[in-house]
Structure formats: structure tokens, C-alpha cells
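K.L.:
What would the 3D arrangement of this be:
(2 chains)
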Amino acid sequence: MRAKTFPNAFVVWLILVLLTVATWVIGEAGLGGPLVVAVLLLSITLKGQLVADAFMGMRDVSSSWRWVVSGWLLIVTGLIGLAYWTGVH
Amino acid sequence: MNVLWPVQLQPDVNAIATPPAPRRVRDLPGDFAIWIFIYAELLVFGVFFLAYAFARAGNVELFNEHQQFLDRTTGAVNTLVLITSSLFAVRAVEAIRRGAAASCSRWLAMAVMSGGVFVVLKLIEFADKQEQGITLSTNTFYMFYLSLTFFHFMHVLMGMVILSAVAVKAYRGAYSASRHTGVETGASYWHMVDLVWIVLFPLVYVMH
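P.N.:
As a prediction, this is how the structure comes out:
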């Protein structure tokens, strides 16, 4: 069952903490460029979806409402990626 | 007097007659109106983020040069503070669904206090920028940095007001296991504030 296989809120919090620390390390190391931007955008998408599903409770609602948040994440991160790619070329 | 069924052994007829309705899969948590508000807010922040990203595409050197002077450690700590406060809000909703109103109130109070930590750190950051003479007019990067973070800051304040009001109501026993829409509504708004910062921090403080 979906509710049983989805990680609980504490595990999600732990994943969010680790991804945040990883983002901070990347920032402090001064890393940049297309690959780093792609990794950061993937991290944003994963974190955002975890917050939506586990914290906001979106995994229990109908897929159309859930897809509004998921779609927002995908469109925003996708277009940010496009903007950064435009800046490089 | 019912001699066949001692008081403690009598079946709860009401519970059998009216079992708790199973939560419908399509229901959004909390008041539906807050979700219209949340989706509208996400749209506004999304446009703001894209405006930042595409403005940067035309001024890459300027954005990269000034981004390095931002305090990434405070930004990361504030991310940890917000995701932790979101966890507290989750615990508050779980508590009220069990009917534990006092526990719900305590979790909400902890979420509000975490929001307070965010506010203090952000005010220190804003004061530091003000001391350096940085304003909205300094350059395009700082215009976006200040307006985006201040806009989000106002949402944190609003979220704290909402959660405080819900915490007080929970403490006074206004919510129960079967009637707690207000708690879910407040928590949903608070998670939205968290979700927006999760995009904002890497975008403005780290990505180049």
C-alpha cells in the first residue's frame, strides 16, 4: 500500500536536511556550471515533491490537485534551467 | 439500571451506528479556500523566480559577482529552520487527528518559535546589507535579492500569525479529532512558505 511504503515525516525531514547541507557545501565550495545547476535543480525538485507529498499531504489527494504542485515544480525548475542554459550560450 | 451490561462493558452504540467517515482520497487537507490562495501564491513566486533567472541570463557576470557576497550559511540555517518547523506542523496535525489538542498546540507553538528564529536571522541579514549601503537601487541582482527575500519574509510573518491563532484555538479546545480543519489549513499555508524557500535559497544564494 502506498501509505505504508512512503517514508514517514521524520525520514523525509532527514532527507531534506541532507540535501540542504549538500546545497550549502556546493555553495561554500564555489561550484558552478551546467552540471552543478542541473544537480541543484534536481535537488530542488526532489525536496519540493517531498514537502508536497509528506508534509502537505498531497500524496493522499487526487492526482489532479497533486499535479498542480508537481507541475509547478517541474515548470519552474525546467524554465530556470533553460534560463541558465541561455546565460551560458 | 442495566444489570446485564455493567457501565464499563456496555457497547458504544453511537460509535457503531456512526463510524468515522473514511477520509476521501480527493479531499485536500484543510479549507479548500486556502488551496486557491496557496496555488495563487505559488504562481506569483514562480513568476518572480523566472524573472530572476531570465534577468540573470542577461547579466551573468553581475549576478555571479554579487551573489558571492551573500551569507550562504545563514540561508542554509534558515532552510533547516523552516523544514524543521514544517515537521512540527506535521506533528501538530497528527496530534489533533488523535484528539490530542494540548499536544497539537505545543507543536504549533514550536513551529511558530522556529519561524521566529528565521525572522531574527533574516533581520540580521537585512541589517547587514543596509549597513553596507545596499538597497533596491544598488543593482539588478540586489533588487531581486531584496525584493524576493523580503516578499518571502512577509509570508513567514503571516504564517506565524496564522499558526499562533490556530495554536491558541487548539489550546482552548476548539479542535478535536473529528473537527480540525483550521489546523490543517494553517499547516498547509506554512508548508507552502517552506516550499517556496526551498526553491529560493539555492536559486538566489548558490546557483551560478
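K.L.:
Which SSE is immediately downstream of the helix-or-strand element of chain A with minimal mean pLDDT?
P.N.:
None of the helices or strands of chain A scores lower by mean pLDDT, DSSP states H and E than helix A:2-5, at a mean of 47. As assigned by DSSP states H and E, the chain's next helix or strand after helix A:2-5 is helix A:9-28.
K.L.:
Would you point out which residue is most central in chain A?
P.N.:
residue A:45 (2.2 Å; C-alpha atoms, centre = their mean).
K.L.:
do you know how far it is from residue A:51?
P.N.:
Using C-beta to C-beta, to the nearest Å, we find residue A:45 at a distance of 11 Å from residue A:51. (Glycine included, C-beta is placed from N, CA and C.)
K.L.:
which neighbours do the two share?
P.N.:
Residues touching both residue A:45 and residue A:51 (C-beta atoms under 8 Å, 6 or more residues apart in numbering or on different chains): none.
K.L.:
Show me the shaky parts of chain A.
P.N.:
Applying pLDDT under 70 to chain A flags the ranges A:1-7.
K.L.:
what's the single longest helix in it?
P.N.:
helix A:63-88 (DSSP state H).
K.L.:
how about it, does it reach chain B?
P.N.:
Yes. Under the criterion of C-beta under 8 Å from any C-beta of the partner chain, chain B is reached by helix A:63-88 at A:65, A:68-69, A:72, A:75-77, A:79-80, A:83-84, A:86-88.
K.L.:
and that helix, what other elements does it pack with?
P.N.:
helix A:34-50, helix B:32-58, helix B:181-201 (3 or more C-beta pairs under 8 Å, 6 or more residues apart in numbering or on different chains; DSSP states H and E).
K.L.:
For residue A:46, give me its contacts.
P.N.:
residue A:19.
K.L.:
Next: the one 4 residues further on.
P.N.:
Residues in contact with residue A:50 (C-beta under 8 Å, 6+ apart) are A:12, A:15-16.
K.L.:
repeat for residue A:20
P.N.:
Neighbouring residues of residue A:20 by C-beta under 8 Å, 6+ apart: A:47, B:76, B:79-80, B:83, B:201.
K.L.:
any idea of the pLDDT on residue B:86?
P.N.:
What the model reports as pLDDT for residue B:86 is 98.
K.L.:
Residues in contact with stretch B:137-149: which ones?
P.N.:
Here stretch B:137-149 makes contact (C-beta under 8 Å, 6+ apart) with B:48-49, B:51-52, B:55-56, B:59, B:62-63, B:66-67, B:70, B:122, B:125-126, B:129, B:134-136, B:200, B:204.
K.L.:
redo that, cut-off 7 Å
P.N.:
B:48, B:52, B:55, B:59, B:62-63, B:66-67, B:70, B:134, B:136, B:200, B:204 (C-beta atoms under 7 Å, 6 or more residues apart in numbering or on different chains).
K.L.:
Low-confidence ranges, chain B, go.
P.N.:
In chain B (pLDDT under 70), the answer is B:1-26.
K.L.:
for chain A, what are the nearby residues on it?
P.N.:
Contact residues, chain B versus chain A (C-beta under 7 Å from any C-beta of the partner chain): B:25-29, B:39, B:42, B:46, B:49-50, B:53-54, B:56-57, B:60, B:72-73, B:76, B:79-80, B:83-84, B:86-87, B:90, B:188, B:191, B:194-195, B:198-199, B:202-203, B:205-208.
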